[in-house]
Structure formats: structure tokens, C-alpha cells
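Student: Sequence first, then the predicted structure:
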Amino acid sequence: MDLDLTYTHRVLDNARAARRYFAKFERIIGHLRSVAQLSVEERQLSKGEGDILGQYLVDLNNSFTALSYKYLMTNRAKNSGKISIDKTESGFPIFSEIIQLASDATQAKKHLKSLPDQERMKKDMVSHILTEQSAPTALQYALAQRIYYETLDSQPLFLSQNHPQAVWVGKDLKKRKRRYIVHWAVYDSKTNIPVVYLMELDDTGSRALPNDERRWPRLQDALMAQAVSELKLLTIAKGFDEDFSNIHPKSLRRFHLGPMHSHAFTEQHGPIRDVLAEASGQPGLDWALAWTVETLLSEGQKWVKTGVFNAAWRQVYKLDAYGLDGKTDGYTDINRSLILPHRAYQVMEEKHSGSFDGIRKYVVGHNDNILSYT
């Protein structure tokens, strides 16, 4: 039985729509990088965290640049393909597009060997125009595919799974521990949103964690297995604190880089729909990107029994409790933000200000300057 995905997915079936879509995302990701830098200045992120997040945004932009060339000639060249986006939940390309991107990257060198170089193609295009007096559509498509594979082959990419890496922070010789920021990322298959994880941890093992062939591969596999948006940060952190006796997570952050709302490309509900609809009168001003950061912090540690004759240090995490029953969402705090053009922000403040209380607004002003409002 075939599933009807038309309710959640939208196919961009012409080149103009695809180009507008990727041009919009290129601008948005650029603004997001500025917001990450501003977050460092406002001390919401450390410089190390800001640098790591910034690199993931560069990788994400590279992936979108590659896709923009893949679909540059949509519906203009034979078998050119059409991109599908999640029109209701994320505004991003659907998960299968990112899976295919990764698969194409493994074959990029083979494709490049079979295609003429750019200079040869451009000469052939000029010759075609002069002799045939028509648009060299097939050659344009071939050139776009050449650039697509060149991007896949030469640039770091944001893939469906971006495996953990460790960044050295420092060490405490007296306590015989090293500190790292371990980071990893996924393109969440259920939400179609890029998600980045940053875990600051203490390592008390006899060998440095990234050089320990017994612990590091096992830790990497465990981190990727739990890179699921539905899992609480507390569940992830406690699991590693218990499963790895000499690894102690001190903080864990999860960045949800979306959804992207756009009057032109997605379907919104609630106040954001009215805001973007009214702001859509001017080109390029009908969007808003949600950016959510969950943070879990350790407030200390305690000595607990782990068996009849064994005991170990375990982290005590500070939790944001709600309700009388003391239930938590598994984090210390959560920060929700919107990045949006100045025109959309004006509409929001004039008509819907109460609906967006508690959400930080990063407003893109003239010359792409970013202003921060709470």
C-alpha cells in the first residue's frame, strides 16, 4: 500500500521555485551563523561551543548549496529531478533527500571522472548557442551536476549522521581528569530538522578518551544510537554516567535548528501564520526560523553503590521541575528563539506580541545586522 505524503510533503516542481527556496535558506543560514556569534557575545554560549556550532552551520550550508545545484534545472532538463520538502513540520528537505546526498557523496569521484570539466562544458555551451541558436539545456544540466558532485567531493557536509568528535578543553592534574566537549549531530528523520548535540564531560580514564580504542568507539556508537529528539537529555546523560564509569557528563546541550516557517513554501498554524501572511507583501520578508536550545547541567556528584562491593561517583543534575508532582522535561532550562526579518517582527509586535512572550527574537535589520529582543 502506497502512503499518501502530499499532506506533509511538497514537491518543488519548477526551477524558479527551487532556486527561490535555496536562496532563502542560504540567507537564513547566514543569519543563523550571526546569531550563534551573538550568543557567544551575550555569553549564552562559550567561544568553544560557538565555534563548534558555527562549523555545523557551514556544513549545513554546504549541503544546501550542493542540493541547489542538483535541482538547478528542475523541470527544464529531462530527468532533472524534483526536491521534496516538509511543508507542515519543518520547512526543510525531507530526510530521504539527505540520505541520497550522503549516498551521492560516496560516488562523487566516479561521476567527476565521467564528466568533462567546467571549462570544457562552458565552451561547448557557447558553441551550442552559436550553432544551434537555442538554449543549451542538456549542457546546463550536466554542468550543474558537475558542480553538485564537486561540492560533495570537496566540502564538509551536514549528513543524516555526523559522528561524534572530541575537542580538548583542559585538564586538572591534581584530580587526574581531562575535560572535553564531545559534539555530534543528526538530521532527525521524524522531524526533518538538523539537531546538534554538545556534551562537556570529565574523563578520568588512564588514556585520553579520543585515543582510547576500547572506550572511544563504544562511546561514539552509544551517542549516535541515542541521538533521538524524543529522548530527554537527562536520559542520555544519566545513561553515559552509568555506562562509562570514568566519563562524567557535566553539561549536555541540544540545538534544534528549525523549523523554518515561510508563507511562500510552508503551511503554518496559529499566530505565526498571520504574521508571515501580512509580512509577505515584500519579497524575502515572509519567513521565520525557530531555534531551540535545551540545556542540562550537573550541580554536583554523589558516591553511590553500584553493587555489593562496588561504588562510583554519579552526577546530580539540576532539573527544571513543573507541576505539583515534580515531573520534569529532563533539562535544566530551555531557550526558545525566533530569527526573522524586521518587517515580520513589526507585524508580530503590533498584533500578536502576547502570543510570543518568553521567546527571544533575533531580528534581521538593515545591512543584515542582528538585533536581539526578549
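Tutor: Structure's in. What do you need?
Student: use CA for all of it now, contacts and neighbours both
Tutor: Fine.
Student: Would you check that residue 279 makes contact with residue 340?
Tutor: No. Using CA atoms under 8 Å, residue 279 is not in contact with residue 340; the gap is 10.5 Å.
Student: Now the common contact residues for those two.
Tutor: Listed as contacting both residue 279 and residue 340 by CA atoms under 8 Å, 6 or more residues apart in numbering are residue 285.
Student: Show me the helices in the stretch 201-350 of the chain, by range?
Tutor: Ranges of helices within the stretch 201-350 of the chain are 216-225, 233-243, 271-279, 342-351, based on DSSP state H, counting those that start in this stretch.
Student: Highest mean neighbour count out of the ones you listed?
Tutor: helix 271-279 (a mean of 19; mean count of other CA atoms under 10 Å).
Student: Can you give the contact residues for that helix?
Tutor: For helix 271-279, the surrounding residues in contact (CA under 8 Å, 6+ apart) are 262-263, 267, 285-288, 343-344, 347-348, 352, 355.
Student: so where's the chain shaky on pLDDT?
Tutor: 1-7, 173, 281-283, 304-312, 321-327, 352-353 (pLDDT under 70).
Student: helices and strands around the lengthiest strand in it, which ones?
Tutor: Counting by DSSP state E, the longest strand found in the chain is strand 287-305. Counting contacts by 3 or more CA pairs under 8 Å, 6 or more residues apart in numbering; DSSP states H and E, strand 287-305 is packed against helix 233-243, strand 247-256, strand 260-262, strand 311-318, strand 333-341.
Student: Okay, now the sheet partners of the third one, with direction.
Tutor: In its sheet, strand 260-262 lies beside strand 287-305 (antiparallel), with partners assigned from DSSP bridges.
Student: Can you check what angle separates the partner strand from helix 233-243?
Tutor: Comparing the axes of strand 287-305 and helix 233-243 via axes from the mean of the first three to the mean of the last three CA atoms, to 10 degrees yields an angle of 40 degrees.
Student: Show me where the stretch 101-250 of the chain has its strands.
Tutor: In the stretch 101-250 of the chain, the segments counted as strands under DSSP state E, counting those that start in this stretch are 161-172, 177-187, 194-203, 247-256.
Student: what does the second one contact?
Tutor: Spelled out, that is strand 177-187. 52, 95, 98, 158-172, 193-205, 208, 224, 227.
Student: CA atoms only for it, dumped as PDB, please.
Tutor: Extracted in PDB, the C-alpha atoms of strand 177-187 (Å, rounded to 0.1, in the frame of the first residue of the first chain):
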ATOM      1  CA  LYS A 177      40.900  14.300  34.900                       C
ATOM      2  CA  ARG A 178      40.700  15.800  31.400                       C
ATOM      3  CA  ARG A 179      37.800  17.900  30.100                       C
ATOM      4  CA  TYR A 180      36.400  17.600  26.500                       C
ATOM      5  CA  ILE A 181      33.500  18.900  24.600                       C
ATOM      6  CA  VAL A 182      32.100  16.000  22.600                       C
ATOM      7  CA  HIS A 183      29.800  17.000  19.800                       C
ATOM      8  CA  TRP A 184      27.700  15.200  17.200                       C
ATOM      9  CA  ALA A 185      24.700  16.000  15.000                       C
ATOM     10  CA  VAL A 186      21.900  14.300  13.100                       C
ATOM     11  CA  TYR A 187      19.300  15.200  10.500                       C
END
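Student: just how off-centre is it within its chain?
Tutor: For strand 177-187, the separation from the chain centroid amounts to 16 Å (computed by CA atoms, centre = their mean, to the nearest Å).
Student: Given that strand, what are its sheet partners and their directions?
Tutor: Checking strand 177-187 against DSSP bridges gives partners strand 161-172 (antiparallel), strand 194-203 (antiparallel).
Student: Could you dump these into a markdown table and include distance to residue 69 and mean neighbour count?
Tutor: As requested, the strands paired with strand 177-187 are arranged in a markdown table below (distance: least, CA to CA, whole Å; neighbours: other CA atoms under 10 Å):
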| stretch | distance to residue 69 | mean neighbour count |
| --- | --- | --- |
| strand 161-172 | 22 | 15 |
| strand 194-203 | 20 | 23 |
